[in-house]
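# next one to model:
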Amino acid sequence: MACRISELVVHCQDPQRLAAFWCEVLGFVVLDTEDGVVEIGPREGFGGLQPTLVFIPSTEPRAGQLRLHFDVNATDRDQDAELERLLKLGARPADVGQSGTEHWHVLADPEGNEFCLLRARLS
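I've put the predicted structure just below:
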C-alpha cells in the first residue's frame, strides 16, 4: 500500500485571509477553524481525491523562495480569463527568474507565496 497526500500545511501571517483567498481560487470551503488554524477543502471534506489546505498562524517571516509551490489549472475558462480572475481576487504577478516565454504565469498570493497558473484546462 502507498501513501497519498491528505493535507498541505501552510504557515502564514493571516490564516483567515489566506484561507479566504484560496477558497475563491479553488472553489473550496472552510472545513474547520480552531485556535487560529483554518482548514479548507472540497465540499465533500477531508479524505477525498484532493488534499485539504491547513493554514497555521506563524510570526516567522518567510525567508527566500519557497521550496514547494502550488500549480493550478483553470476548469471552466481559458488561461487568460482565469489569470484575469485570479488578479481580481488579489493575486499579483511574481518574478522568479522566468524568461517570459513560458506557457504558465507565476503569481503570488496575498502573503507573497508563489504559485503557477498552467495553460492546460482540467475538467
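
# His103: how many residues sit nearby?
Residues lying near His103 (other C-beta atoms under 10 Å) number 8. Bear in mind the C-beta positions are built from the backbone N, C-alpha and C, glycine included.

# hang on, it packs against Asn73?
No - taking contacts as C-beta atoms under 8 Å, His103 lies outside contact range of Asn73: 11.7 Å.

# can you map out the strands along the protein?
7-12, 29-34, 37-41, 52-57, 70-72, 92-93, 105-108, 114-117 (DSSP state E).

# let me know the angle separating the second one from strand 52-57.
Orientation of strand 29-34 against strand 52-57 (axes from the mean of the first three to the mean of the last three C-alpha atoms, to 10 degrees) gives an angle of 40 degrees.

# hmm, back to that, among the strands of the chain, which comes closest to Gly64?
Proximity to Gly64, assessed across the strands of the chain by C-beta to C-beta, is greatest for strand 114-117 (11.2 Å).

# how about that closest one: buried residues?
Residues 114-117 are the ones in strand 114-117 that count as buried (16 or more other C-beta atoms under 10 Å).

# now do the same contact list for Trp22.
28, 40, 53, 55, 109 (C-beta atoms under 8 Å, 6 or more residues apart in numbering).

# beta-bridge partners for the third one, please?
Spelled out, it's Leu53. Bridge pairing for Leu53 (DSSP bridges) gives the partners Leu8, Ile40.

# what's the local residue count around the closest residue to Pro51 other than its chain neighbours?
Sequence neighbours aside, Ile5 is the residue nearest to Pro51 in space, at 4.7 Å (criterion: C-beta to C-beta, 6 or more residues apart in numbering). When neighbours are counted by other C-beta under 10 Å, Ile5 registers 8.
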